[in-house]
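In: Just to be clear, the model below is a prediction. Sequence and coordinates:
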Amino acid sequence: MTKLKHLMLAAAASLAATTGAASADDTYITVASTTSTEQSGLFDHILPAFEEETGIEVRVIAQGTGQALETGRRGDADVVFVHARPAEEEFVAEGYGVERHGVMYNDFIIVGPGSDPAGIAGTQEADEAFAAIAEAEAPFASRGDDSGTNQAELALWDSAGIAPSGGWYRELGSGMGPTLNTAAQMDAYTLADRGTWISFQNRGNLEILVEGDERLFNPYGVILVNPKRYPHVKTEKGQAFIDWLVSGEGQDAIASYKLDGEQLFFPSASDGES
Amino acid sequence: MDGGAFTTAFHLIVSLDPTLGGIVALSLRVTLTAVLVSCLIGLPVGAALAMGRFPGRSFVVVFFNALMGLPPVVAGLVVYLMLSRSGPLGDLGLLFTPTAMIVAQTALILPIVVSLTRQVVEDLWKEYEEQLRSLGATSMRAIPTLLWDGRFSLLTAVLAGFGRASAEVGAVLIVGGNIAGHTRTMTTAIALETARGDLALALGLGIILLAITLVLNAGAFFTGRLAQRASG
């Protein structure tokens, strides 16, 4: 019987230890962000400087933009850091977020097999390239997960006047990395954000085929979850993180992140366009 | 990649990579705590279910048997909805913490411990009922004796639970959030590196996870055998 008592005590103690660790050190904020920022390694690069300066630990949950905004809507994050302008504005308009601040941008690229069966290489207009892919019924891998990239892709189909469907259009319901893995395996075209592409290591035959169209512009915004709706939101610390991101220091940290000599994200807080 | 994964795994181990160490420690802490909690609840419940006779007992037995097949992602989703700030237990602020992961894994392995314990104890009771009754034991009083007698079979139940918990990724990803240095486990790290396209690192981590599982199982197996010999 004493053995059992010991076990019970041990279990209670270890549970208390884990919960205690969660509530005692309240020096962290939770940020719901996107797979593109996490998987590209940006956060690993910029967060240590912020954490050192402020003592605030930033816990990043990498989800698609749609899911990250949903996490914010449920009050499970203090800050959302995502890339789908219309969805972000809706989030603020509905009263879930305080205000959207532009932070940085990169761009989307259309990648596909080097053999390029739809002949889109070098096309200037992204929607024309999409139309050519649909015309050729060449395999296209869609994220299909309501992420920022997925929303940008759907907007391009819309602008091409096409409702993509059929065996060639494959909705994967996956993050950017898994989608690139799959596209590489089935020689499919896909829309990718440049950050994930540059850091992605399993490209197979995939190449960048279309880039530079202004419709491929990909702005990132950061929003504090509304403390009026969720009183537990760490307003002060969350705002400190946002302020730091748009400050000269934060913007420099973003600009200095390079992979293979290539800059992945471009600061935009001072553009006024935010 | 094939050789690369083993090289990567080897390098990670010999360099005593501190990040990896943290991930392994968290994985073990979460899974072992979940196993412990499941045993504390599951062994008595399973034994009581084996011995007790009450209306609806068959239903409860079938229910726990069916829960052994609960998809981890569903367990994760349910725990997520409970612990979310918008959920009934939101005020605890437990979502995206190791505790949330322990709760989710416990939900996954408790049915295994309950169901397998019930089976073991039921079989033992059939075998020893007369003997125990002649010694004056009531069915409830016989439970500790039966659990002790069945300890080697029950060890398998516990190992099955450990295996399910340490191998699953769906539930801990949803309720833990795969936060670097906080809720990143072996399996979620493997999922992340696969997503990044770093397949060698992903497989390397997989090899390490498999090695840890192997060592723990070997430890349990040989301890059990030694104990079995000692007790004749």
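Out: Perfect, thanks for sending it.
In: ok, the residue positioned nearest the centre of chain A - contacts?
Out: By C-alpha atoms, centre = their mean, chain A has its centre lying nearest to residue A:34, at 2.3 Å. Residue A:34 makes contacts with A:62-65, A:68, A:81-83, A:147-148, as judged by C-beta atoms under 8 Å, 6 or more residues apart in numbering or on different chains. Backbone N, C-alpha and C define where each C-beta goes, glycine included.
In: That one bridge partners, please.
Out: When bridges are called by DSSP bridges, residue A:34 pairs up with residue A:63.
In: That one and residue A:40: what is the separation?
Out: The gap separating residue A:34 from residue A:40 is 10 Å, by C-beta to C-beta, to the nearest Å.
In: what's the overlap in contacts for those two?
Out: Joint contacts of residue A:34 and residue A:40 (C-beta under 8 Å, 6+ apart) do not exist.
In: Low-confidence stretches in chain B?
Out: B:1-3, B:232 (pLDDT under 70).
In: rerun that using 80 as the cut-off
Out: Applying pLDDT under 80 to chain B flags the ranges B:1-5, B:9-10, B:12-17, B:137, B:139-140, B:231-232.
In: near chain A, which residues of it show up?
Out: Within chain B, the positions near chain A by C-beta under 8 Å from any C-beta of the partner chain are B:29, B:33, B:36-37, B:40, B:84-87, B:90, B:93-99, B:102, B:177-180, B:182, B:192, B:194-199.
In: Can you turn the buried part of the residues you listed into a PyMOL selection?
Out: To isolate the buried members of these in PyMOL, using 16 or more other C-beta atoms under 10 Å in any protein chain shown:
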select buried, chain B and resi 29+33+36+37+40+84+85+87+90+93+94+95+96+97+98+99+102+177+178+179+180+182+192+194+195+196+197+198+199
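In: Which of the residues of chain B next to chain A fall within helices?
Out: Applying DSSP state H to the residues of chain B next to chain A, the entries found in helices are B:29, B:33, B:36-37, B:40, B:98-99, B:102, B:192, B:194-195, B:199.
In: related to what we said a few turns ago, where's the residue nearest to the centre of chain A relative to residue B:209, distance?
Out: Going from residue A:34 to residue B:209 by C-beta to C-beta gives 27 Å.
In: same thing with residue B:48?
Out: 35 Å.
In: Just want to know which of the two has more residues nearby.
Out: residue B:209 (21 against 17; other C-beta atoms under 10 Å in any protein chain shown).
In: With the flanking residues excluded, which residue is spatially nearest to that one?
Out: Spatially, and ignoring its direct neighbours in sequence, residue B:209 is nearest to residue B:186 (4.5 Å; C-beta to C-beta, 6 or more residues apart in numbering or on different chains).
In: if I look at that neighbour, how far off is chain A?
Out: 17 Å (C-beta to the nearest C-beta, to the nearest Å).
In: Can you verify my assumption that that residue contacts residue B:23?
Out: Yes - using C-beta atoms under 8 Å, residue B:186 is in contact with residue B:23, at 6.0 Å.
In: how far does the one helix or strand residue A:180 maps to sit from the chain's center?
Out: Under the criterion of DSSP states H and E, residue A:180 resides in helix A:176-186. Chain-centre distance of helix A:176-186: 17 Å, with C-alpha atoms, centre = their mean, to the nearest Å.
In: tell me the angle of the helix or strand where residue A:108 lies relative to helix A:176-186?
Out: Assigned by DSSP H and E, residue A:108 falls within strand A:97-113. Counting by axes from the mean of the first three to the mean of the last three C-alpha atoms, to 10 degrees, strand A:97-113 lies at 20 degrees to helix A:176-186.
In: what comes up buried for strand A:97-113?
Out: A:97-98, A:100-113.
In: Same check on stretch A:128-144?
Out: Across stretch A:128-144, burial judged by 16+ other C-beta under 10 Å covers A:129-134, A:136, A:138-144.
In: One more: stretch A:174-190?
Out: Those would be A:174-184, A:187-190, for stretch A:174-190 by 16+ other C-beta under 10 Å.
In: now swap in stretch A:46-60 and tell me
Out: A:46-47, A:50, A:56-60.
In: Using CSV, lay out these together with pLDDT, distance to chain B and secondary structure.
Out: Putting the buried residues of stretch A:46-60 into CSV (pLDDT from 0 to 100; distance: C-beta to the nearest C-beta, whole Å; DSSP: H, G, I helix; E, B strand; the rest coil) gives the following:
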residue, pLDDT, distance to chain B, secondary structure
A:46, 95, 13, helix
A:47, 95, 9, helix
A:50, 96, 14, helix
A:56, 96, 14, coil
A:57, 95, 8, strand
A:58, 96, 9, strand
A:59, 96, 4, strand
A:60, 95, 6, strand
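In: which residues in chain A form strands?
Out: Here chain A has its strands, by DSSP state E, at A:28-34, A:57-63, A:79-82, A:97-113, A:140-142, A:169-171, A:190-193, A:206-210, A:217-225, A:258-259, A:262-263, A:266-267.
In: orientation of the first one relative to helix A:176-186 in degrees?
Out: Going by the same axes, to 10 degrees, strand A:28-34 is angled at 30 degrees with respect to helix A:176-186.
In: quick one: strand A:28-34 to chain centroid distance?
Out: Between the centre of strand A:28-34 and the centre of its chain there are 11 Å (C-alpha atoms, centre = their mean).
In: Average pLDDT for that strand, rounded please.
Out: In this model, strand A:28-34 carries a mean pLDDT of 95.
In: export it as PDB, just CAs?
Out: Provided in PDB are the C-alpha atoms of strand A:28-34 (Å, rounded to 0.1, in the frame of the first residue of the first chain):
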ATOM      1  CA  TYR A  28       6.400  34.600 -22.300                       C
ATOM      2  CA  ILE A  29       4.000  35.400 -25.100                       C
ATOM      3  CA  THR A  30       2.400  33.000 -27.500                       C
ATOM      4  CA  VAL A  31       2.500  34.000 -31.200                       C
ATOM      5  CA  ALA A  32       0.400  32.200 -33.800                       C
ATOM      6  CA  SER A  33       2.300  32.400 -37.000                       C
ATOM      7  CA  THR A  34       2.700  30.700 -40.300                       C
END
